[in-house]
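Chemist: the following comprises the amino acid sequence and a computationally predicted model.
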Amino acid sequence: MTAAHAVTVELDGRIAIVCLNRPAAMNAVNDALRDGLSGALRRLDVGDQVDAIVLTGSGERAFCAGQDLEESRGMTTATLAGWLNRQHAMYQAVRDVAKPVVAALNGTAVGAGFQMALMCDLRVAHAGLKMGQPEVRAGLASIVGSYLMSLQIGHSLNQQLSLTGELIDGARAHALGLVNDLVLQQDVLARALQRARELAALPPTAVRMTKQRFRERTQAGFEEACNAGIRYQLECYASGEPARLMEAFLAKRHRKDTHA
């Protein structure tokens, strides 16, 4: 799948709906999706066709299920830094958008998907979806995700979610302030579009400058977390744990698909 197909863009008036479009893989992140998302966001931000963006996922199962394990299981200590730098470039593309960005969390948002959602300005979700940082369960350290959560929740809960890899549902995420609006599943996109229109109707310079200040306040911490992520994940990959756990998970999924 090419970058143009991995991410689609649809206009709803002056609101752009950017959709992660790998539903068979629960919209998991691979190089095609990284390139497609970064390119789409940059084009929409510099163009004059839209005033705000809604980011969502294709299908009902997932907003984004994190890294594509088919891709990440092939990483080695020699290729890991380049791979993580490409990932962080995608994150930075989300952070750099000057126009309002609202996440319409139509389904599961974990790992990289959870992190992308946290980088959006507002988040709309439904009660039944799952969110969180399950990296430790795949043999990876929770570094960038734990930093992003530190901007939203307290240290104790952050430590619990990062160390255990447990997921929370949309209702709890809303109670914790990780989600701004909780609506019925069928209303998620409509509410996100409403939020985007409300933000787009505000004085654009004031909105842009406010976003820029939030970005400036957190940029140094974000970059430090990205750099630390490379150091810590190199040690994780050197241990062999990620490869072993990912292979076991994929083998289990293959057996399940074969007998379905």
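Modeler: On my side now, so go ahead. These numbers come from a predicted model, not from an experiment.
Chemist: going forward, measure contacts between C-alpha atoms and count neighbours the same way
Modeler: Will do.
Chemist: give me the neighbour count for the residue nearest to residue 27 when sequence neighbours are not counted.
Modeler: Spatial nearest neighbour of residue 27, excluding adjacent residues (CA to CA, 6 or more residues apart in numbering): residue 64 at 4.8 Å. By the criterion of other CA atoms under 10 Å, residue 64 has 33 neighbours.
Chemist: repeat for residue 67
Modeler: 20.
Chemist: am I right that residue 50 sits in a strand?
Modeler: No. According to DSSP: H, G, I helix; E, B strand; the rest coil, residue 50 belongs to no strand; its state is coil.
Chemist: show me how far the longest helix seen in the chain is from its chain's centre.
Modeler: The longest helix of the chain (DSSP state H) is helix 204-239. The chain centre lies 13 Å from the centre of helix 204-239; the measure is CA atoms, centre = their mean, to the nearest Å.
Chemist: with stretch 182-201 instead?
Modeler: Computed by CA atoms, centre = their mean, the chain-centroid distance of stretch 182-201 equals 18 Å.
Chemist: average pLDDT across it?
Modeler: Stretch 182-201 carries an average pLDDT of 98.
Chemist: buried residues in that stretch?
Modeler: Using 16 or more other CA atoms under 10 Å as the test for burial, stretch 182-201 gives 182-183, 185, 188-189, 191-193, 195-197, 199-200.
Chemist: swap in stretch 76-86?
Modeler: Buried residues in stretch 76-86, counted by 16+ other CA under 10 Å: 80, 81, 83, 84, 86.
Chemist: what do you get for stretch 156-171?
Modeler: Neighbour-count burial for stretch 156-171, counted by 16+ other CA under 10 Å, picks out 158, 161, 162, 163, 165, 166, 167, 168, 169, 170, 171.
Chemist: quick one on the thing from earlier: now the residue nearest to residue 27, which residues is it bridged with?
Modeler: Residue 64 has the following beta-bridge partners by DSSP bridges: residue 109.
Chemist: give me the contacts around the helix or strand where residue 5 lies.
Modeler: Assigned by DSSP states H and E, residue 5 falls within helix 3-6. Contacts to helix 3-6, defined as CA atoms under 8 Å, 6 or more residues apart in numbering, come from residues 20, 21, 22, 31, 32, 33, 34, 35, 36, 37.
Chemist: return the member of the residues you listed nearest to residue 178.
Modeler: Distance ranking of the contacts of helix 3-6 against residue 178, using CA to CA, places residue 20 first at 20.6 Å.
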